[in-house]
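Enquirer: A predicted structure for the sequence below; I have some questions about it.
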Amino acid sequence: MAKTFTFSALLTVLALNANAQDKVNIEDVLRYGNYDVGKEYYHRILKKEPDQGMHYYDLGRIHLALKQTDSASYYFKEGLRAARNPDINNLGIANLALNTSNEKEALSKLNTLAARQKKPSADILIKMANVLIHSDNPNIEKAVKAAQDAQKADPSSIEAILVEGDAYLREGSKRLAEQKYKQAIKKNPQSVEAKLRLAKVYKIDNSFDKSLELYNEALELNREYPATYRDLALYYQDYANFSKNKAYNKKAVENYKKFYDLMGKSHDIDNQYGDFLVKVQDYEALTHLVQNIWVDRGDNFQVYRYAAISAFEQGSYENAYMFINKYFDVQDVPSNITAVDYYYLGIAQIVRSVSSSEVNEKEFEDGVKNMEKGISLDASLANDINKKALPLFKKEKYKQAYYVFDLGTHNEKVDDYVSNLYYKATSLYLTQENPIVANPLEKSIQIYDKAIQASTNVHEAYLMNARANRNLNTEASKKKMAENYEGFISALRAKGMLNEKEFEPALVEAYMLLGDYYKTTDKSKAIANFQNVLNINPNHEYSKLSLQQLK
């Protein structure tokens, strides 16, 4: 497939659609990730003011945030040659040095910057502290010192107090961070930033009520501040996961949409919103986003990803396959491809591979590999496996279901871990005549045992485990059969489901085979089990005859 969209084409679109404002706030660009708008602005302003070192530094910071270290280094070095304010670029060089664990060079650059000023300002000290905090290899001790020096240089600076708190939080000292954020609030109760940062500490501690109270206070102070809405969206997303109540994801989306609307046109912000909608699984909102992007801003690299995901999740599998392949086709930089991209390419290939009567084995294998690659890059994607594998199982594509369910059984923390084990084992059990692996019964039993070990009330696993052991038909397996039938009965009793009609056939099976098992070893247990069969089905001839023989 020919590449129809290139990076240069994207830059043209950006140039046509970038905000018409005269100036951008670099801190907002970095905080909110609207890098495309920032890049367009600084490329433009550098043409007008090529002697301004601060512009090179700010553009370098954008490339640094994007992990484009070569470009970042280029702009920082060019900035050092600028006629005006070149020294600020030492901060960028220091950041790059810290990222590569070259602390000696980093500290040398920071010392050079400080030495070239008669007395470092609070602003410079805060910038130094931020470099020391947010690099890949932070130096918290020196960051705290810089933040404290900034407070001495400007006792009225709320930001200097907050940065000291940020240093403690990066180190994992939540209580010290909390103290500094509270100090900032006490000093200025109108500080939205202080409230947002304290709310973050409480959210990390799962103190969701305290966190929400602070977010609401921040909204009262300023209802046009984008960060509050984005933080609230992430709060509700976290709370939905913590409380196991996915209804809170609706509030998460509502708040992210408010953030999105406040930010203005930006492909990067579009893509952040799209990623968020994928995480909270709001595919209807994702569809609206895709349609709006195409109408309002034309194609971009990422729109194919979101079109593919929304199409797949709403049952349009051919369109999903087409869009995800277009997405991969337009990527000039392989590192731009994310875990989600591999995951959806894989599941699109799998669904396509089983769409006809004959399974396309090569395409299926490629699909599993791509799903596995996606999960290796982002383990949370495995939480979606059960939803993706169940349709294969229901269509009796047991071999394919086995391999997809398997992807959701490598980590006990995966959502539906026990269910994935159950269906993986059952897929083996149901393919005995055309086995997927050697010794399918033994393997299925091992997996059922694992499911039961993880959750002792999973009645389905007990029942199927009993059947597998029964089919194995050894003395040891007969004993395990009895244990599992008894486990099945106990699990139903514990759930208050023992008298539900849908389980009557399985209970008759369990009681009858337990009666048979205990005939020669425990006559009273055998009688009790056969009597239980008759309590469900008084006309069960085998149980009647067995009771007559036993009595």
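Expert: Cool, the structure landed.
Enquirer: my read: Asp51 touches Ala83, true?
Expert: Yes. In this structure Asp51 lies within contact range of Ala83 using C-beta atoms under 8 Å: 4.1 Å. C-betas here are computed from N, CA, C, even on glycine.
Enquirer: What separation do you get for Val533 and Asp282?
Expert: With distances taken as C-beta to C-beta, to the nearest Å, Val533 is found 50 Å from Asp282.
Enquirer: So which of the two has more stuff around it?
Expert: Counted by other C-beta atoms under 10 Å, Val533 and Asp282 do not tie: Val533 has more neighbours, with 24 against 21.
Enquirer: Report the contact partners of that one.
Expert: By C-beta atoms under 8 Å, 6 or more residues apart in numbering, the residues touching Val533 are 508, 511-512, 515, 540, 543.
Enquirer: I'd like the residues you listed as TSV, with neighbour count and distance to His55 appended.
Expert: Formatted as TSV, these follow (neighbours: other C-beta atoms under 10 Å; distance: C-beta to C-beta, whole Å):
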residue	neighbour count	distance to His55
Val508	19	80
Tyr511	24	81
Met512	20	83
Gly515	23	86
His540	18	87
Ser543	24	88
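Enquirer: so of the residues you listed, which ones are in helices?
Expert: Counted as lying in helices by DSSP state H, out of the contacts of Val533, are 508, 511-512, 515, 543.
Enquirer: Determine which two of the residues you listed are furthest apart.
Expert: Val508 and Gly515 (10.6 Å; C-beta to C-beta).
Enquirer: pLDDT below threshold where in this protein?
Expert: Residues of the chain meeting the criterion pLDDT under 70: 1-22, 297-301.
Enquirer: Give me the distance between the residue most central in space within the chain and Asp415.
Expert: Centroid check for the chain by C-alpha atoms, centre = their mean gives Ser380 as the closest residue, at 4.6 Å. Counting by C-beta to C-beta, the gap from Ser380 to Asp415 is 9 Å.
Enquirer: next one: Tyr403
Expert: Distance, Tyr403 to Asp415, by C-beta to C-beta: 19 Å.
Enquirer: neighbour count winner among the two?
Expert: Tyr403 (20 against 16).
Enquirer: How about the more buried one: what's its closest non-neighbour residue?
Expert: Leaving aside its chain neighbours, Tyr403 sits nearest to Val368 (5.3 Å; criterion: C-beta to C-beta, 6 or more residues apart in numbering).
Enquirer: which helices and strands sit right next to the helix or strand containing the one you found?
Expert: Assessed by DSSP states H and E, Val368 sits inside helix 361-377. The contact analysis (3 or more C-beta pairs under 8 Å, 6 or more residues apart in numbering; DSSP states H and E) places helix 361-377 against helix 339-353, helix 398-406.
Enquirer: Can you show me the CA trace of the longest one as PDB?
Expert: Taking Å, rounded to 0.1, in the frame of the first residue of the first chain, the C-alpha atoms of helix 339-353 are listed here in PDB:
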ATOM      1  CA  ALA A 339       1.200  -0.900  22.200                       C
ATOM      2  CA  VAL A 340      -2.500  -0.200  21.400                       C
ATOM      3  CA  ASP A 341      -1.700  -0.200  17.700                       C
ATOM      4  CA  TYR A 342      -0.100  -3.600  17.700                       C
ATOM      5  CA  TYR A 343      -2.900  -4.900  19.900                       C
ATOM      6  CA  TYR A 344      -5.700  -3.800  17.500                       C
ATOM      7  CA  LEU A 345      -3.700  -4.800  14.400                       C
ATOM      8  CA  GLY A 346      -3.500  -8.300  16.000                       C
ATOM      9  CA  ILE A 347      -7.100  -8.600  17.000                       C
ATOM     10  CA  ALA A 348      -8.200  -7.300  13.500                       C
ATOM     11  CA  GLN A 349      -6.000 -10.000  11.900                       C
ATOM     12  CA  ILE A 350      -7.500 -12.700  14.200                       C
ATOM     13  CA  VAL A 351     -11.100 -11.800  13.400                       C
ATOM     14  CA  ARG A 352     -10.300 -11.700   9.700                       C
ATOM     15  CA  SER A 353      -8.500 -15.000   9.900                       C
END
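Enquirer: tilt between that helix and helix 398-406?
Expert: 170 degrees (axes from the mean of the first three to the mean of the last three C-alpha atoms, to 10 degrees).
Enquirer: Helix, strand, or coil at the nearest residue to Asn89 once chain neighbours are set aside?
Expert: With sequence-adjacent residues excluded and distances taken as C-beta to C-beta, 6+ apart, Asn89 is closest to Gly79, at 3.6 Å. Following DSSP: H, G, I helix; E, B strand; the rest coil, Gly79 is assigned to helix.
Enquirer: which of the residues in the longest helix seen in the chain are buried?
Expert: Ordering each helix of the chain by length in residues (DSSP H) puts helix 475-494 first. Going by neighbour count (16 or more other C-beta atoms under 10 Å), the buried part of helix 475-494 is 477-478, 480-489, 491-492.
Enquirer: nearest to Ser419, of the residues you listed?
Expert: Nearest member of those to Ser419, counting by C-beta to C-beta, is Ala491, at 14.5 Å.
Enquirer: is it true that that closest one touches Thr456?
Expert: Yes. At 7.3 Å, Ala491 counts as touching Thr456 under the criterion of C-beta under 8 Å.
Enquirer: Overlap in contacts, these two.
Expert: The contact sets of Ala491 and Thr456 do not overlap (C-beta under 8 Å, 6+ apart).
Enquirer: Contact partners for Leu507?
Expert: 489, 492, 498, 532, 536.
Enquirer: State the distance from it to Phe364.
Expert: According to C-beta to C-beta, Leu507 and Phe364 sit 38 Å apart.
Enquirer: do Glu412 as well
Expert: Per C-beta to C-beta, Glu412 is found 27 Å from Phe364.
Enquirer: next one: Val295
Expert: Distance of Val295 to Phe364, given as C-beta to C-beta: 36 Å.
Enquirer: out of the two, which sits in the more crowded spot?
Expert: Ranked by neighbour count (other C-beta under 10 Å), Val295 and Phe364 place Phe364 first, with 23 against 8.
Enquirer: Surely that one touches Ser356?
Expert: No. Judged on C-beta under 8 Å, Phe364 makes no contact with Ser356 at a distance of 11.9 Å.
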